[in-house]
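Novice: The sequence isn't on hand, but the structure is:
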Ligand code: SF4
(Lines give C-alpha, C1' and ligand atoms only; values in the text may rest on other atoms or scores of the structure.)
Protein backbone atom coordinates (compact mmCIF):
# COMPACT_ATOMS: atom_id res chain seq x y z
CA UNK A 1 0.00 0.00 0.00
CA UNK A 2 1.47 3.39 -0.98
CA UNK A 3 1.76 5.97 1.82
CA UNK A 4 -1.21 8.33 2.03
CA UNK A 5 -0.99 12.09 1.76
CA UNK A 6 -4.07 13.93 3.00
CA UNK A 7 -5.29 17.23 1.57
CA UNK A 8 -8.12 19.12 3.33
CA UNK A 9 -11.11 19.66 1.06
CA UNK A 10 -11.21 23.42 1.51
CA UNK A 11 -9.14 26.58 0.83
CA UNK A 12 -6.71 25.77 -2.01
CA UNK A 13 -8.46 22.47 -2.74
CA UNK A 14 -10.82 24.23 -5.15
CA UNK A 15 -8.03 25.82 -7.16
CA UNK A 16 -5.06 23.47 -6.86
CA UNK A 17 -6.34 19.94 -6.31
CA UNK A 18 -5.51 18.76 -9.89
CA UNK A 19 -1.94 20.03 -9.58
CA UNK A 20 -1.17 18.32 -6.29
CA UNK A 21 -3.15 15.18 -7.00
CA UNK A 22 -1.16 14.64 -10.20
CA UNK A 23 2.17 15.50 -8.60
CA UNK A 24 1.90 13.22 -5.57
CA UNK A 25 0.25 10.38 -7.50
CA UNK A 26 3.10 10.46 -10.03
CA UNK A 27 5.53 10.19 -7.13
CA UNK A 28 3.79 7.00 -6.04
CA UNK A 29 1.65 8.26 -3.16
CA UNK A 30 -2.04 7.92 -2.56
CA UNK A 31 -3.38 11.46 -2.48
CA UNK A 32 -6.62 11.58 -0.51
CA UNK A 33 -8.92 14.37 0.59
CA UNK A 34 -11.25 14.79 3.52
CA UNK A 35 -15.00 14.47 2.87
CA UNK A 36 -17.00 17.50 1.72
CA UNK A 37 -17.80 19.78 4.66
CA UNK A 38 -20.47 18.51 7.04
CA UNK A 39 -21.74 19.47 10.49
CA UNK A 40 -19.17 17.38 12.34
CA UNK A 41 -16.26 18.88 10.38
CA UNK A 42 -17.57 22.38 11.03
CA UNK A 43 -18.14 21.75 14.76
CA UNK A 44 -14.72 20.16 15.24
CA UNK A 45 -13.14 23.10 13.43
CA UNK A 46 -14.94 25.62 15.61
CA UNK A 47 -13.74 23.83 18.77
CA UNK A 48 -10.09 23.83 17.78
CA UNK A 49 -9.70 27.27 16.23
CA UNK A 50 -9.11 30.64 17.88
CA UNK A 51 -12.50 32.29 18.20
CA UNK A 52 -11.89 35.34 16.00
CA UNK A 53 -10.90 33.28 12.94
CA UNK A 54 -13.07 33.41 9.83
CA UNK A 55 -15.24 30.43 8.95
CA UNK A 56 -12.94 29.11 6.15
CA UNK A 57 -10.06 28.83 8.64
CA UNK A 58 -12.30 27.12 11.19
CA UNK A 59 -13.34 24.72 8.46
CA UNK A 60 -9.74 24.04 7.53
CA UNK A 61 -9.08 22.92 11.12
CA UNK A 62 -12.14 20.64 10.93
CA UNK A 63 -10.93 19.06 7.69
CA UNK A 64 -7.46 18.45 9.15
CA UNK A 65 -9.08 16.71 12.14
CA UNK A 66 -11.11 14.57 9.75
CA UNK A 67 -7.92 13.44 8.03
CA UNK A 68 -5.44 13.13 10.86
CA UNK A 69 -5.95 9.47 11.79
CA UNK A 70 -6.36 8.29 8.22
CA UNK A 71 -3.19 9.44 6.48
CA UNK A 72 0.59 9.29 6.79
CA UNK A 73 1.13 12.98 6.01
CA UNK A 74 -1.01 16.09 5.78
CA UNK A 75 -0.12 18.47 2.99
CA UNK A 76 -0.49 22.19 3.77
CA UNK A 77 0.99 24.59 1.22
CA UNK A 78 1.95 27.97 2.63
CA UNK A 79 0.54 30.43 0.10
CA UNK A 80 2.72 33.54 -0.07
CA UNK A 81 2.86 35.02 -3.58
CA UNK A 82 1.92 33.50 -6.93
CA UNK A 83 1.23 36.68 -8.92
CA UNK A 84 3.45 38.68 -11.23
CA UNK A 85 3.25 41.62 -8.85
CA UNK A 86 5.38 41.19 -5.78
CA UNK A 87 3.06 43.08 -3.45
CA UNK A 88 0.13 40.73 -4.03
CA UNK A 89 -0.01 38.12 -1.34
CA UNK A 90 -2.47 36.02 0.63
CA UNK A 91 -4.15 36.99 3.86
CA UNK A 92 -2.11 36.38 7.06
CA UNK A 93 -4.17 33.31 7.85
CA UNK A 94 -2.95 31.62 4.67
CA UNK A 95 0.60 32.70 5.42
CA UNK A 96 0.56 31.17 8.87
CA UNK A 97 -1.66 28.19 8.17
CA UNK A 98 0.80 25.32 8.80
CA UNK A 99 1.92 26.97 12.07
CA UNK A 100 -1.64 27.61 13.17
CA UNK A 101 -2.56 23.97 12.57
CA UNK A 102 0.49 22.67 14.46
CA UNK A 103 -0.30 24.95 17.42
CA UNK A 104 -4.00 24.08 17.59
CA UNK A 105 -4.30 20.37 16.82
CA UNK A 106 -2.43 17.65 18.69
CA UNK A 107 -1.33 14.18 17.56
CA UNK A 108 -1.00 15.10 13.92
CA UNK A 109 0.88 13.00 11.39
CA UNK A 110 3.87 14.85 9.85
CA UNK A 111 2.83 18.03 8.04
CA UNK A 112 4.27 18.38 4.54
CA UNK A 113 4.75 22.08 4.22
CA UNK A 114 6.12 24.14 1.39
CA UNK A 115 5.98 27.85 0.55
CA UNK A 116 4.64 28.98 -2.80
CA UNK A 117 6.54 32.21 -3.02
CA UNK A 118 7.23 33.73 -6.40
CA UNK A 119 8.42 36.97 -4.85
CA UNK A 120 11.42 35.32 -3.21
CA UNK A 121 11.84 32.19 -5.34
CA UNK A 122 11.38 33.75 -8.77
CA UNK A 123 9.51 32.41 -11.79
CA UNK A 124 10.47 28.81 -11.02
CA UNK A 125 8.86 28.99 -7.59
CA UNK A 126 6.52 26.07 -8.26
CA UNK A 127 9.27 23.86 -9.55
CA UNK A 128 11.38 24.73 -6.51
CA UNK A 129 8.48 23.91 -4.20
CA UNK A 130 8.02 20.53 -5.90
CA UNK A 131 11.76 19.81 -5.69
CA UNK A 132 11.68 20.53 -1.97
CA UNK A 133 8.69 18.28 -1.46
CA UNK A 134 10.42 15.52 -3.45
CA UNK A 135 13.47 15.89 -1.21
CA UNK A 136 11.38 15.74 1.97
CA UNK A 137 9.80 12.55 0.67
CA UNK A 138 13.09 11.02 -0.48
CA UNK A 139 12.20 10.85 -4.17
CA UNK A 140 14.82 10.95 -6.96
CA UNK A 141 15.25 14.22 -8.82
CA UNK A 142 14.27 12.82 -12.24
CA UNK A 143 11.03 11.40 -10.96
CA UNK A 144 10.18 14.67 -9.21
CA UNK A 145 10.89 16.65 -12.37
CA UNK A 146 8.64 14.41 -14.48
CA UNK A 147 5.88 14.57 -11.85
CA UNK A 148 6.17 18.36 -11.76
CA UNK A 149 5.85 18.66 -15.56
CA UNK A 150 2.85 16.38 -15.66
CA UNK A 151 1.17 18.22 -12.78
CA UNK A 152 1.63 21.66 -14.32
CA UNK A 153 0.29 20.48 -17.68
CA UNK A 154 -2.73 18.89 -16.07
CA UNK A 155 -3.47 21.97 -14.00
CA UNK A 156 -3.45 24.09 -17.16
CA UNK A 157 -5.78 21.62 -18.88
CA UNK A 158 -8.11 21.79 -15.87
CA UNK A 159 -8.21 25.60 -15.86
CA UNK A 160 -8.83 25.75 -19.62
CA UNK A 161 -11.62 23.20 -19.19
CA UNK A 162 -13.42 25.44 -16.68
CA UNK A 163 -13.34 28.32 -19.14
CA UNK A 164 -14.36 26.33 -22.21
CA UNK A 165 -17.14 24.30 -20.57
CA UNK A 166 -18.36 27.05 -18.22
CA UNK A 167 -18.48 24.72 -15.24
CA UNK A 168 -17.30 24.98 -11.65
CA UNK A 169 -14.05 23.52 -10.27
CA UNK A 170 -16.08 21.02 -8.23
CA UNK A 171 -17.75 19.70 -11.39
CA UNK A 172 -14.45 19.53 -13.26
CA UNK A 173 -12.82 17.65 -10.35
CA UNK A 174 -15.76 15.22 -10.34
CA UNK A 175 -15.31 14.76 -14.08
CA UNK A 176 -11.55 14.17 -14.06
CA UNK A 177 -11.01 12.43 -10.74
CA UNK A 178 -14.13 11.15 -9.07
CA UNK A 179 -15.59 8.92 -11.71
CA UNK A 180 -19.16 10.11 -11.18
CA UNK A 181 -20.42 8.46 -14.34
CA UNK A 182 -23.08 9.82 -16.66
CA UNK A 183 -24.46 12.36 -14.17
CA UNK A 184 -21.37 14.48 -14.33
CA UNK A 185 -21.02 14.02 -18.11
CA UNK A 186 -24.46 15.54 -18.52
CA UNK A 187 -23.42 18.54 -16.44
CA UNK A 188 -20.27 18.99 -18.53
CA UNK A 189 -22.17 18.76 -21.79
CA UNK A 190 -24.82 21.14 -20.60
CA UNK A 191 -22.31 23.64 -19.22
CA UNK A 192 -24.03 26.95 -18.98
CA UNK A 193 -25.94 26.54 -22.21
CA UNK A 194 -29.50 26.43 -20.91
CA UNK A 195 -32.16 27.43 -23.39
CA UNK A 196 -32.29 31.17 -23.64
CA UNK A 197 -35.95 31.64 -22.88
CA UNK A 198 -37.41 34.76 -21.35
CA UNK A 199 -37.45 33.49 -17.78
CA UNK A 200 -33.93 32.38 -17.87
CA UNK A 201 -31.76 34.58 -15.64
CA UNK A 202 -27.99 34.92 -15.63
CA UNK A 203 -26.47 35.59 -12.24
CA UNK A 204 -22.78 35.93 -11.39
CA UNK A 205 -21.82 34.44 -8.04
CA UNK A 206 -18.57 36.00 -6.86
CA UNK A 207 -16.50 35.26 -3.79
CA UNK A 208 -13.50 33.25 -2.67
CA UNK A 209 -13.58 29.76 -4.20
CA UNK A 210 -13.53 28.09 -0.78
CA UNK A 211 -16.75 29.90 0.11
CA UNK A 212 -18.85 29.68 -2.98
CA UNK A 213 -17.91 26.09 -3.92
CA UNK A 214 -18.29 24.65 -0.43
CA UNK A 215 -21.88 23.57 -0.74
CA UNK A 216 -22.36 23.11 3.03
CA UNK A 217 -21.41 26.62 4.12
CA UNK A 218 -22.81 28.40 1.09
CA UNK A 219 -26.21 26.64 1.34
CA UNK A 220 -25.31 25.10 -2.05
CA UNK A 221 -26.04 28.44 -3.64
CA UNK A 222 -24.91 27.47 -7.14
CA UNK A 223 -27.17 24.45 -7.42
CA UNK A 224 -29.97 26.30 -5.68
CA UNK A 225 -29.87 28.95 -8.41
CA UNK A 226 -29.61 26.40 -11.19
CA UNK A 227 -32.69 24.56 -9.94
CA UNK A 228 -34.56 27.85 -10.38
CA UNK A 229 -33.52 28.01 -14.02
CA UNK A 230 -30.74 30.52 -13.42
CA UNK A 231 -27.50 30.33 -15.36
CA UNK A 232 -24.67 30.75 -12.90
CA UNK A 233 -21.40 32.43 -13.79
CA UNK A 234 -18.28 32.37 -11.64
CA UNK A 235 -14.86 33.89 -12.01
CA UNK A 236 -13.13 30.63 -13.01
CA UNK A 237 -15.20 30.71 -16.21
CA UNK A 238 -13.43 33.90 -17.34
CA UNK A 239 -10.09 33.48 -19.20
CA UNK A 240 -7.34 34.85 -16.94
CA UNK A 241 -5.99 37.15 -19.70
CA UNK A 242 -9.43 38.78 -19.91
CA UNK A 243 -9.79 38.98 -16.13
CA UNK A 244 -6.48 40.80 -15.76
CA UNK A 245 -7.64 43.59 -18.07
CA UNK A 246 -10.01 44.74 -15.35
CA UNK A 247 -7.08 45.37 -13.02
CA UNK A 248 -6.65 48.75 -14.71
CA UNK A 249 -9.95 49.94 -13.29
CA UNK A 250 -8.45 50.53 -9.87
CA UNK A 251 -5.57 52.96 -9.32
CA UNK A 252 -3.74 50.15 -7.56
CA UNK A 253 -4.16 46.39 -7.30
CA UNK A 254 -5.29 45.11 -3.92
CA UNK A 255 -2.84 43.27 -1.68
CA UNK A 256 -4.64 39.95 -1.74
CA UNK A 257 -4.65 37.38 -4.52
CA UNK A 258 -8.22 36.14 -4.29
CA UNK A 259 -9.62 39.61 -3.53
CA UNK A 260 -8.24 41.02 -6.77
CA UNK A 261 -9.83 38.22 -8.74
CA UNK A 262 -13.22 38.77 -7.14
CA UNK A 263 -13.16 42.52 -7.87
CA UNK A 264 -11.97 42.10 -11.47
CA UNK A 265 -14.52 39.37 -12.15
CA UNK A 266 -17.29 41.55 -10.75
CA UNK A 267 -16.28 44.45 -13.00
CA UNK A 268 -16.31 42.06 -15.94
CA UNK A 269 -19.75 40.65 -15.14
CA UNK A 270 -21.27 44.10 -14.59
CA UNK A 271 -20.31 44.95 -18.17
CA UNK A 272 -21.88 41.87 -19.74
CA UNK A 273 -25.33 42.74 -21.07
CA UNK A 274 -26.65 39.21 -20.46
CA UNK A 275 -25.81 39.19 -16.73
CA UNK A 276 -28.84 40.17 -14.65
CA UNK A 277 -27.21 40.58 -11.25
CA UNK A 278 -24.34 39.73 -8.93
CA UNK A 279 -24.36 37.81 -5.66
CA UNK A 280 -21.28 38.33 -3.52
CA UNK A 281 -20.69 35.63 -0.93
CA UNK A 282 -18.43 36.84 1.85
CA UNK A 283 -17.12 35.45 5.14
CA UNK A 284 -17.93 37.07 8.44
CA UNK A 285 -14.71 38.20 10.10
CA UNK A 286 -12.75 38.50 6.87
CA UNK A 287 -10.90 41.83 6.65
CA UNK A 288 -10.06 41.67 2.91
CA UNK A 289 -13.63 40.69 2.06
CA UNK A 290 -15.07 43.77 3.78
CA UNK A 291 -13.15 45.91 1.31
CA UNK A 292 -13.92 43.70 -1.69
CA UNK A 293 -17.63 43.73 -0.89
CA UNK A 294 -17.64 47.51 -0.63
CA UNK A 295 -15.80 47.98 -3.94
CA UNK A 296 -18.19 45.70 -5.78
CA UNK A 297 -21.22 47.22 -4.10
CA UNK A 298 -20.14 50.77 -5.00
CA UNK A 299 -19.52 49.83 -8.62
CA UNK A 300 -22.95 48.18 -8.81
CA UNK A 301 -24.57 51.19 -7.20
CA UNK A 302 -22.95 53.58 -9.64
CA UNK A 303 -24.08 51.52 -12.61
CA UNK A 304 -27.49 50.73 -11.15
CA UNK A 305 -26.67 47.05 -11.33
CA UNK A 306 -28.51 44.55 -9.08
CA UNK A 307 -26.31 43.34 -6.23
CA UNK A 308 -26.82 41.06 -3.26
CA UNK A 309 -24.35 40.38 -0.48
CA UNK A 310 -24.57 37.19 1.53
CA UNK A 311 -22.31 37.08 4.59
CA UNK A 312 -21.68 33.67 6.03
CA UNK A 313 -20.59 32.57 9.48
CA UNK A 314 -21.05 29.36 11.43
CA UNK A 315 -24.45 30.50 12.72
CA UNK A 316 -25.87 31.42 9.33
CA UNK A 317 -29.00 29.38 8.72
CA UNK A 318 -29.76 27.98 5.29
CA UNK A 319 -33.33 29.29 5.47
CA UNK A 320 -32.15 32.89 5.81
CA UNK A 321 -29.85 32.61 2.79
CA UNK A 322 -32.46 30.88 0.66
CA UNK A 323 -35.12 33.48 1.43
CA UNK A 324 -32.85 36.35 0.43
CA UNK A 325 -31.77 34.66 -2.79
CA UNK A 326 -35.36 33.85 -3.73
CA UNK A 327 -36.31 37.48 -3.18
CA UNK A 328 -33.37 38.57 -5.33
CA UNK A 329 -34.42 36.23 -8.16
CA UNK A 330 -38.00 37.50 -7.98
CA UNK A 331 -36.77 41.07 -8.10
CA UNK A 332 -34.60 40.35 -11.16
CA UNK A 333 -37.46 38.65 -12.98
CA UNK A 334 -39.77 41.54 -12.15
CA UNK A 335 -37.13 44.00 -13.35
CA UNK A 336 -36.95 42.23 -16.69
CA UNK A 337 -40.64 42.53 -17.31
CA UNK A 338 -41.09 46.04 -15.83
S1 LIG B 1 -9.10 35.99 3.01
FE2 LIG B 1 -10.69 36.24 4.55
S3 LIG B 1 -11.99 34.42 4.37
FE4 LIG B 1 -10.03 33.98 3.38
S5 LIG B 1 -8.79 33.03 4.95
FE6 LIG B 1 -8.30 35.21 4.96
S7 LIG B 1 -9.65 36.11 6.51
FE8 LIG B 1 -10.45 34.08 5.99
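Specialist: Looks like it arrived, so ask away. This structure is a prediction, so every number in the text was calculated from the model and none was measured.
Novice: and the lengthiest helix in the chain, average pLDDT?
Specialist: The helix that spans the most residues within the chain, counting by DSSP state H, is helix 141-165. On average, the pLDDT along helix 141-165 is 97.
Novice: Check what contacts it and list those residues.
Specialist: 16, 18-20, 22-24, 26-27, 126-127, 130-131, 133-135, 139, 167-169, 172, 175-176, 188, 191, 236-240 (C-beta atoms under 8 Å, 6 or more residues apart in numbering). C-beta here means a position set from N, CA and C on the backbone, and glycine is covered the same way.
Novice: what packs against the helix or strand that it is followed by?
Specialist: Beyond helix 141-165 on the C-terminal side, the first helix or strand identified by DSSP states H and E is helix 169-177. Using 3 or more C-beta pairs under 8 Å, 6 or more residues apart in numbering; DSSP states H and E, the elements in contact with helix 169-177 are helix 13-26, helix 141-165, helix 182-190.
Novice: could you give the angle of the longest one to helix 169-177?
Specialist: Here helix 141-165 points in a direction 130 degrees away from that of helix 169-177 (axes from the mean of the first three to the mean of the last three C-alpha atoms, to 10 degrees).
Novice: same check, this time on the first one
Specialist: Relative orientation of helix 13-26 with respect to helix 169-177: 20 degrees, computed using the same axes, to 10 degrees.
Novice: which stretches of the chain aren't confidently modelled?
Specialist: Scanning the chain for pLDDT under 70 picks out 180-199, 315-316.
Novice: So which residue is dead centre in it?
Specialist: Nearest to the mean C-alpha position of the chain, counting by C-alpha atoms, centre = their mean, stands residue 209 at 2.3 Å.
Novice: so what's residue 236 up against?
Specialist: Residues counted as contacts of residue 236 (C-beta under 8 Å, 6+ apart) are 159, 162-163, 168-169, 209.
Novice: Next, give phi and psi for it.
Specialist: Per-residue torsions, residue 236: phi -70, psi -10 (degrees, to the nearest 10).
Novice: Give me the distance from the longest strand anywhere in the chain to the chain's centre.
Specialist: Looking across the chain with DSSP state E, the single longest strand is strand 73-81. Centroid separation for strand 73-81 versus its chain: 15 Å, with C-alpha atoms, centre = their mean, to the nearest Å.
Novice: Let's verify the nearest residue to residue 78 once chain neighbours are set aside: helix, strand, or coil?
Specialist: Using C-beta to C-beta, 6 or more residues apart in numbering and skipping the chain neighbours, the partner closest in space to residue 78 is residue 115 (4.5 Å). At residue 115, secondary structure determined by DSSP: H, G, I helix; E, B strand; the rest coil is strand.
Novice: Tell me which residues touch residue 115, please.
Specialist: 77-78, 80, 121, 129.
Novice: what's the farthest-apart pair in those residues?
Specialist: Maximum pairwise distance in those, criterion C-beta to C-beta, is 13.0 Å, between 77 and 121.
Novice: Please say which of these two ends up with more neighbours.
Specialist: A direct count of neighbours by other C-beta atoms under 10 Å for residue 77 and residue 121 places residue 77 higher, at 21 against 17.
Novice: Next, the contact list for that one, please.
Specialist: Residue 77 neighbours (C-beta under 8 Å, 6+ apart): 12, 16, 20, 113-116, 129.
Novice: Quick check: bridge partners of it?
Specialist: Beta-bridge partners of residue 77, counted by DSSP bridges, are residue 114.
Novice: what's the spacing between it and residue 171?
Specialist: Counting by C-beta to C-beta, to the nearest Å, the gap from residue 77 to residue 171 is 23 Å.
Novice: Give the helix, strand or coil label for residue 9.
Specialist: Strictly by three-state DSSP, residue 9 counts as coil.
Novice: And for whatever residue of the stretch 151-300 of the chain ends up closest to the ligand, the neighbour number?
Specialist: The stretch 151-300 of the chain approaches the ligand most closely through residue 286 (3.0 Å), counting by C-beta to the nearest ligand atom. Using other C-beta under 10 Å, residue 286 has 25 other residues around it.
Novice: Helix, strand or coil: sort out residue 108 for me.
Specialist: Secondary structure, three-state DSSP: residue 108 is coil.
Novice: out of everything not next to it in sequence, what's closest to it?
Specialist: residue 68 (5.4 Å).
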